[in-house]
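# Structure, please.
(one chain, ligands or ions: 3)
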Amino acid sequence: MSGSQSAKDFFRPLAVGAPMPLTDIPARPSRAIHFFDPSNPKMAAKIPDMVGTVDVLLGNLEDAVKADNKVAAREGLVEIAKKTDFGPTQLWTRINSLDSPWVLDDLTTLVPAIGDKLDVIMVPKVQGAEDIHYVDRLLAQLEAKAGLDRPILIHAILETARGVANVEEICGASPRMQGLSLGPADLAADRRMKTTRVGGGHPGYLVRQDPPREGGVANLEAQRATYQQDLWHYTIARMVDACAMHGIYAYYGPFGDIADVVACEDQFRNAFLLGCVGTWSLHPKQIAIANRVFSPSVEDVAHARRVAAAMGDGTGAVMLDGKMEDDASLKQCLVMVELAEQLAAIDPELKKAYDSIEDQQSEVD
Ligand SMILES: CC(=O)SCCNC(=O)CCNC(=O)[C@H](O)C(C)(C)COP(=O)(O)OP(=O)(O)OC[C@H]1O[C@@H](n2cnc3c(N)ncnc32)[C@H](O)[C@@H]1OP(=O)(O)O
Ligand SMILES: O=CC(=O)O
Ligand SMILES: [Mg+2]
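Ligands and ions are numbered 1, 2, ... in the order given. Coordinates of the predicted model:
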């Protein structure tokens, strides 16, 4: 909420006739936000068949779409959205940046044409609350004009140093704020980091074991283990806290080494463990990785359910498998159980896997 706005105005529509803002952002599964370029005929042709295989399909209009194809991408997205029934899959778009010559046409074309199908608009290179306020008001005006009955939500990419400095105010800038993604490629450039990659780690960012001491003297010639550190830990942790504080959702972003599925899975898992609910997928092969990583494992769900059962009314402390469980560990377990229930509702395979634990547990009991 901006300093000059009163609390009661926060949930008022910003244009006469615009839909009422949401007071809570729905927790819809969004393990993979799959990017496609609507101006690329091969990719566009694959989209209808991808419905139901991925939680979010995102028509990308910004970086990775050639300048000459910006109009074709926008028009291609309108065409795909109009002819596709998205069923349980969400449709998002990433518009061009607010300082670009394309963004105004992106918004004024997409909202009247396919605003009823668009769930979330991703806004790149957000610097502060003022960027969200601009999009917020414009969306309200366009929604009112188009007669939409539900608000389109906003997702911001955290990819500038100023954006990171303002992360809390960005998350709280509008009731439309659905979440944030880390944009490691642009953020690295903006911070003048000395990397040349799209996300992921770097072998040079490490700490080294102390030298062994021999007779009180450090042996600097000895072999010493090194441990690679996570370049993105600080930013993801800030993003997760800011999102949790405002009741919205945090996502890892792109992992550009498409061939390195192992490191991709590691990066996604770090983000999952730290509190992110999903990530981007740039290539079809990253969807399965994201779906696997951002779904709690059967073992974790089984354990979480056992803790919930053992904790009875949810207060006090109990011993389970030699470990203390109490109100706080129960709350962590309930995060897992709730997520498992949300995912089971849209993913029949997962439902079968999670249900099989219940069957096994009732056999044991
Ligand atoms: C820093 C950032 O902003 S990241 C976000 C912006 N970047 C993006 O959105 C990139 C999206 N992805 C892509 O452009 C592509 O996947 C690339 C360029 C990385 C690789 O593309 P290709 O070299 O064609 O990959 P590959 O040959 O493995 O593709 C196999 C098939 O999958 C298709 N495919 C590739 N990526 C996608 C996708 N994202 N969605 C749907 N289909 C895809 C290809 O068209 C190809 O189809 P075909 O079998 O009919 O020929
Ligand atoms: O847009 C994403 C990024 O990493 O930059
Ligand atoms: Mg970017």
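
# Phi and psi next, for the closest residue to ligand 1 within the stretch 51-200 of the chain.
Nearest to ligand 1 in the stretch 51-200 of the chain, going by Cβ to the nearest ligand atom, is Ala64, at a distance of 3.3 Å. Just so you know, the C-beta spots here come from the backbone N, C-alpha and C atoms, and that holds for glycine as well. When read as degrees, to the nearest 10, the backbone of Ala64 gives phi 90, psi -10.

# number of nearby residues for it?
13 (other Cβ atoms under 10 Å).

# tell me the contacts of the closest residue to it other than its chain neighbours?
Once flanking residues are discounted, Ala64 sits nearest to Asp37: 6.5 Å by Cβ to Cβ, 6 or more residues apart in numbering. With contact set as Cβ atoms under 8 Å, 6 or more residues apart in numbering, Asp37 has these partners: Met43, Ala44, Asn60, Ala64, Val65, Asn69, Ala73.

# if you set the cut-off to 10 Å instead, what comes out?
43-44, 59-61, 64-66, 69, 72-73, 76-77 (Cβ atoms under 10 Å, 6 or more residues apart in numbering).

# Show the buried residues in the residues you listed.
Met43, Ala44, Gly59, Asn60, Leu61, Val65, Ala72, Ala73, Gly76, Leu77 (16 or more other Cβ atoms under 10 Å).

# got the residues of the stretch 51-200 of the chain near ligand 1?
Counting by Cβ under 6 Å from any ligand atom, the residues of the stretch 51-200 of the chain close to ligand 1 are Asn60, Asp63, Ala64, Ala185, Val198.

# Among these, pick out the one closest to Asp266, please.
Distance to Asp266, by Cβ to Cβ, is smallest for Val198 among those, at 15.3 Å.

# Just give me the neighbour total for the closest one.
Neighbours of Val198 (other Cβ under 10 Å): 17.

# So what does it have for phi and psi?
According to degrees, to the nearest 10, Val198 has phi -100, psi 90.

# Compute the distance between it and ligand 2, please.
The gap separating Val198 from ligand 2 is 6 Å, by Cβ to the nearest ligand atom, to the nearest Å.

# Need the nearest residue in space to Cys264, chain neighbours excluded.
Nearest to Cys264 is Phe255, by Cβ to Cβ, 6+ apart, at 4.5 Å.

# correct me, but that neighbour touches Ser281?
Yes - using Cβ atoms under 10 Å, Phe255 makes contact with Ser281 at a distance of 8.9 Å.

# any common contacting residues for those two?
Contacts common to Phe255 and Ser281, judged by Cβ under 10 Å, 6+ apart, are Cys264, Phe268, Ile289, Ala290.

# so after the strand or helix carrying the first one, what's the next helix or strand?
Counting by DSSP states H and E, the element that carries Cys264 is helix 261-274. Towards the C-terminus, the helix or strand next in line after helix 261-274, according to DSSP H and E, is strand 279-281.

# helices or strands up against that next one?
strand 32-36, strand 56-60, strand 177-182, helix 261-274, helix 284-293 (3 or more Cβ pairs under 10 Å, 6 or more residues apart in numbering; DSSP states H and E).

# and the fourth one, what's its mean pLDDT?
Just to be clear, that refers to helix 261-274. In this model, helix 261-274 has a mean pLDDT of 98.

# Give me the buried stretch members for that helix, please.
Cys264, Glu265, Asp266, Gln267, Phe268, Arg269, Asn270, Ala271, Phe272, Leu274.

# give the contact list for the closest residue to Met50 other than its chain neighbours.
The shortest distance from Met50 to any non-neighbouring residue, by Cβ to Cβ, 6+ apart, is to Leu57 (6.3 Å). Leu57 is in contact with 32-36, 47-48, 50-51, 80-81, 84, 86, 89-93, 281, counting by Cβ under 10 Å, 6+ apart.

# Distance check, Leu57 against Gly322.
Distance of Leu57 to Gly322, given as Cβ to Cβ, to the nearest Å: 45 Å.

# ditto for Cys333
Distance from Cys333 to Gly322, by Cβ to Cβ: 17 Å.

# Same question for Leu158.
41 Å.

# Looking at those two, which is more packed in?
More neighbours surround Leu158 than the other of Leu158 and Gly322, with 28 against 5 (other Cβ under 10 Å).

# tell me which residues form a beta bridge with that one?
Counting by DSSP bridges, Leu158 forms beta bridges with Leu182.

# can you pull the buried residues of stretch 110-127?
110-115, 117-127.

# The closest residue to ligand 1 within the stretch 251-365 of the chain: what secondary structure?
As assessed by Cβ to the nearest ligand atom, ligand 1 sits closest to Pro254 within the stretch 251-365 of the chain, at 3.7 Å. Recorded secondary structure, Pro254: coil (DSSP: H, G, I helix; E, B strand; the rest coil).

# Show the contacting residues for it.
Pro254 touches 33, 35, 63-64, 157, 181-185, 198-200, 264, 267, 279-282, 286, counting by Cβ under 10 Å, 6+ apart.

# try Ala242
Leu158, Val164, Asn166, Val167, Glu168, Glu169, Ile170, Cys171, Gly172, Leu180, Ile248, Ala250.

# which among those residues gets closest to ligand 2?
Leu158 (9.3 Å).

# one step back: go ahead and confirm the residue of the stretch 51-200 of the chain closest to ligand 1 touches Pro124.
No - the criterion here is Cβ under 10 Å, and Ala64 misses it with Pro124 at 11.1 Å.

# Show me what the mean pLDDT comes to for stretch 148-156.
Mean predicted confidence for stretch 148-156 is 98.

# The helix holding Cys264 - contacts with which helices or strands?
Right, helix 261-274 is packed against helix 233-245, strand 249-251, strand 279-281, helix 284-293 by 3+ Cβ pairs under 10 Å, 6+ apart.
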